[in-house]
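>>> 3D model of this:
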Amino acid sequence: LFTANMAVVGVLAIVVVVVMLEVTPSSGLVITPHRPASSTWKRTQCGSPSGRHPAIPPGPYTENINYPGNDMPPCGPQGCIMKHASYTQCEAKCNSTAGCIAFVYAPADCSEAGKDSAICWLKHALGTPNHRGCRNTRIMGQPASEGADIPSRWGNLVNASSQPLIAYPRPQTVRLSEQQRINKDYDLLRDVGDNNTWVNLNGLWEFEQTTNNSAPPFGRQLKNSILVPFPVESCLSGMAPNSSDTHFTSMWYRLQFTANSQQNNKTILLNFGAIDWMSKVYLNKQLLGTHLGGYDGFHYDITNILDNENELLVYVYDPTDSGLQPLGKQLVNSISAPAGGKYTPTSGIWQTVWVESVPKQYITNVHINQHSLTNVIIQTNTNNLDALSVLYTIMDKNGHTMEQKGVAGVLTSIAIPNANLWSPKSPYLYDVTITLLNQEQQVQDVVLSYFGLRVMEADIGPGVGKRLKLNQNFTFFAGFLDQSWWPDGLYTAPSDEALASDIHAVPMFGMNFIRMHMKVNPERWYYHADKIGVAVFQDMVQKFGQTSETVGISYFVEDLKRMIIGRGNHPCILQFEIFNEGDCYSAFNSTPYTVADMVALVKQLDPTRLVDTDSGGGANKLYIGDVNDIHSYPYPGSPVPSKTQYAMVGEFGGIGAFVQGKEWKPNGCHAYLVASTPHDEATYYIKMAAMLQSQVANLSVSVYTQTTDVETECDGFLNYDRSNKFSDEDTAAIRKANQDIIEAAERLSQ
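Just a heads-up that it's a prediction; the model follows:
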């Protein structure tokens, strides 16, 4: 958790939040928010604004005019080569292709495609035209369109009258009051928390766009309402801009609340799961602090500032792709012109906001090293420098318990007799309660946690180099590239059930892992992966598509550290990826920020996990780190392991069947390999799976692009709204193909 005030680079934006808290000694922490009326919020359309347009009339065939971009299958951005063809053949192809509204034709005498060969491009939308010789165009016309509205089934249930995302946000460290310490329904506690120790502030807040560096609007009602914690640009926020031109970087949130100032010897913390990107938080006109970073949680101690009537203000500035910070695949232009690989941005509060009541001496965080077959190592940190003792009580699924004492701030190794191990086949988790004791051995604080013992390593295999082993058994990891983007909440899943659904899709298709791509998800996502039994290879968020400048490197390194520390307790995470393709690595070229320095940093912060230097990029050819990771589209390639690295196909596939009525932008889909039907998509994939199975002696990992369609990338096994593209028969066939790969690798250990 990071609370330090940091220097702010760039222009700041302000978000104001006013919350009214009531804390009473008899019932623990009680908060009474005063929210805007639910009638002030309305969900906007969950689809690309660019899909909504008036009728486009047809036009004449015009020479020397080009419409760049918006290319569609079957010709794509390279165009269709046509021998001895005139523009009328290109026009006929456009007429026979659903969604084609225009074509661009390069005559054969321009000699761009070889002698006697013309080129034809098909367009699903019209951008800005330009004058260009050897480019001739005709607009075929298009009827008016209301665009897409494709919320998930969970998003359809979201409304301003009921609180969104009510699940407890920190399932690995659930703080327990004295009343709940005898409660043994640990799964329930991880889902709902202890209502004596926390209050969820999600819901309808006041909201207002502002100018940069505007003064905090203390005591003033804001103009609009927003549903927290959905990003501003999402349809569930109620404030989504309708074009890239109306997108804004500066905003205020406001929520008023009432509180009892008597805290009953408690400390009160205000927690934010994540805000994208920079925030300044005020309570009762006092600045609590400034936070930079869009993917990590942070908190402030508000005990001495809380009053009977309170005003909480949060100032947020998000430059999105005009800034230097890691932001994954966010791009402002994607609002008006969605394109492959870059998506609608996600500004502002996007994870749960909550208030927590803790003892004066309390557990601040817990570090768990579960890289073992026989013992767990735990360090419990506190807000007190005194040498307090800690009692660890470990429970297995049969109710058997064991106890061991330790000292706060010191590593404690605890042997687990006849340990059950965590794996995708058997995701065994041990519960552990951590009790903080003062020098008189009186209980000060108690948190509920868990762990799963497992060992992931690269060892010499039966082929030409290293292979992956999980718990001493050769293992093949077949999984999805998962972007974790939603048609309704963008970065934020519309419910906890929705959040878990993407993870459940992995075993449904016979797979066993996810490559979490350029995003750090909320804690509960990893909790579901721990519990369901899905391994995770975690990407560092990139400054996608651009090389970071010097100041951007400092943001990258800080976010990398926070990711490793903040998500490091989850047994599902087996590997960290530092770079992706060519996005950032070339900027890391001088000490202490070379590519090798970054690998060493990750190994220093977490020596228990494997490190992928650069998935599919130039730094992979430095052959440092634990893996030789290539990208190969559409068919999987054959990376070679060595005595120091195992082999991984970090991306392949991209097979797309475009399902009408499920597209982010009607007729705007594209894919690496277009399939005519979902059945054809399944058939293509099963053939690729057979190619992977033939390589299991040398290949350890395959990553299929991707779990779901994402905006105009329509190459998911699931549609963007999370409905299954495939029939039950095709789903079963895909599941068997993946299980055959995994079982073939298991036989290597026999």
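>>> what about the stretch 201-350 of the chain, any weak spots by pLDDT?
Low-confidence segments of the stretch 201-350 of the chain, defined by pLDDT under 70: 261-263.
>>> residue boundaries of the strands in it?
In the stretch 201-350 of the chain, the strands defined using DSSP state E, counting those that start in this stretch lie at 203-209, 224-228, 250-258, 266-272, 275-276, 278-283, 286-292, 298-301, 309-317, 348-349.
>>> between those, which one is nearest to His517?
Smallest distance to His517 across the strands of the stretch 201-350 of the chain (Cβ to Cβ): 16.8 Å, for strand 275-276. Yep, even glycine has a C-beta here, placed from its N, CA and C like the rest.
>>> Each with direction, which strands does that closest one pair with?
Taking DSSP bridges as the criterion, strand 275-276 forms sheet pairs with strand 348-349 (antiparallel).
>>> Report the rounded mean pLDDT for the next helix or strand after the strand it pairs with.
Note on strand 348-349: by DSSP states H and E, the next helix or strand toward the C-terminus is strand 353-359. Throughout strand 353-359, pLDDT has a mean value of 95.
>>> and what of stretch 392-400?
Mean predicted lDDT for stretch 392-400 stands at 95.
>>> Next: stretch 494-503.
Mean pLDDT, computed over stretch 494-503, is 98.
>>> One more: stretch 539-549?
76.
>>> Skipping adjacent residues, who's closest to Tyr362 in space?
Spatial nearest neighbour of Tyr362, chain neighbours left out: Asp445 (4.6 Å); criterion: Cβ to Cβ, 6 or more residues apart in numbering.
>>> Report the contact partners of that neighbour.
Contact partners of Asp445, counting by Cβ atoms under 8 Å, 6 or more residues apart in numbering, are Arg175, Val358, Pro359, Gln361, Tyr362, Ile363, Thr382, Thr435, Leu436.
>>> Can you pull the phi/psi pair for the closest residue to Ile268 other than its chain neighbours?
Once flanking residues are discounted, Ile268 sits nearest to Thr303: 4.8 Å by Cβ to Cβ, 6+ apart. The phi/psi pair for Thr303 (degrees, to the nearest 10) reads phi -50, psi -50.
>>> Please apply the same query to Lys285.
When quoted as degrees, to the nearest 10, the phi and psi of Lys285 stand at phi 70, psi 10.
>>> The residue nearest to Tyr362 sits in which helix or strand?
If you go by DSSP H and E, Asp445 is part of strand 443-451.
>>> gap between the most centrally placed residue in the chain and Phe717?
Taking Cα atoms, centre = their mean as the criterion, Lys519 is the residue nearest the geometric centre of the chain, at 3.7 Å. Taking Cβ to Cβ, to the nearest Å as the criterion, Lys519 is separated from Phe717 by 19 Å.
>>> Please apply the same query to Gln441.
According to Cβ to Cβ, Gln441 and Phe717 sit 55 Å apart.
>>> Could you do Ser723 as well?
Between Ser723 and Phe717 the computed distance is 11 Å (Cβ to Cβ).
>>> neighbour count winner among these two?
The residue with the greater number of neighbours, taking Ser723 and Phe717 and applying other Cβ atoms under 10 Å, is Phe717; the counts read 27 against 13.
>>> Would you check that the more buried one makes contact with Asn724?
Yes - between Phe717 and Asn724 a contact is recorded at 7.4 Å, counting by Cβ atoms under 8 Å.
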